[in-house]
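Participant: only geometry, no sequence info:
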């Protein structure tokens, strides 16, 4: 099952934390007691691992995630690179063109099947970064 939610303008950190919270809530509502979370935001993985992490803006959302995690018998959260998490990023981009604020999907969307299968099989794509050299 997948989901997409429109949350408006925010930082990447906050958006990924909202995504984690929504995913945890979805798993909780579906009574899923064991799952693995792959986040391409290492800062969030580190914040979840650090009980003394405090950020006045984001702490309530982070605390929600920690509370939801504490109620799940078996959950493993680890970092993965963005290039190996393309399906999640595609679903996030999808939120811009959805009519509803929150949508769930019982099966992979046809447009995302290739990306879903790549993620499932551990395939990743290298990002191309261009360096510009300016001579003065």
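Facilitator: That came through, no problem. All of these numbers come straight from a predicted model, not from anything done at the bench. Numbers count the residues shown, from 1 in each chain.

Participant: need the helix or strand of this protein with the lowest average pLDDT.
Facilitator: For the chain, counting by mean pLDDT, DSSP states H and E, helix 86-94 ranks last in confidence among helices and strands (a mean of 69).

Participant: Which SSE is immediately downstream of it?
Facilitator: Going down the chain from helix 86-94, the next helix or strand is strand 102-105, by DSSP states H and E.

Participant: what comes up buried for that following strand?
Facilitator: Neighbour-count burial for strand 102-105 flags residue 103 (criterion: 16 or more other CB atoms under 10 Å). C-betas here are computed from N, CA, C, even on glycine.

Participant: neighbouring contacts of it?
Facilitator: 1-6, 22, 26 (CB atoms under 8 Å, 6 or more residues apart in numbering).

Participant: chain center to it: distance?
Facilitator: Mean-position distance between strand 102-105 and its chain equals 14 Å (CA atoms, centre = their mean, to the nearest Å).

Participant: again, but for stretch 56-71
Facilitator: Averaged C-alpha coordinates place stretch 56-71 at 15 Å from its chain's average position (CA atoms, centre = their mean).

Participant: swap in stretch 1-17?
Facilitator: Centre to centre, stretch against its chain (CA atoms, centre = their mean), the figure for stretch 1-17 is 8 Å.

Participant: looking only at pLDDT, what's the mean for that stretch?
Facilitator: When pLDDT is averaged along stretch 1-17, the result is 81.

Participant: picking up where we left off before, for the contacts of strand 102-105, which one is nearest residue 43?
Facilitator: Ranked by distance to residue 43 (CB to CB), the contacts of strand 102-105 are led by residue 22 at 18.4 Å.

Participant: Make sure the closest one is indeed in a helix.
Facilitator: Yes. Counting by DSSP: H, G, I helix; E, B strand; the rest coil, residue 22 is located in a helix.

Participant: residues contacting the nearest residue to it once chain neighbours are set aside?
Facilitator: Nearest residue to residue 22 in three dimensions, chain neighbours excluded: residue 5, at 5.5 Å (CB to CB, 6 or more residues apart in numbering). By CB under 8 Å, 6+ apart, the residues touching residue 5 are 18-19, 22, 95, 101-103.
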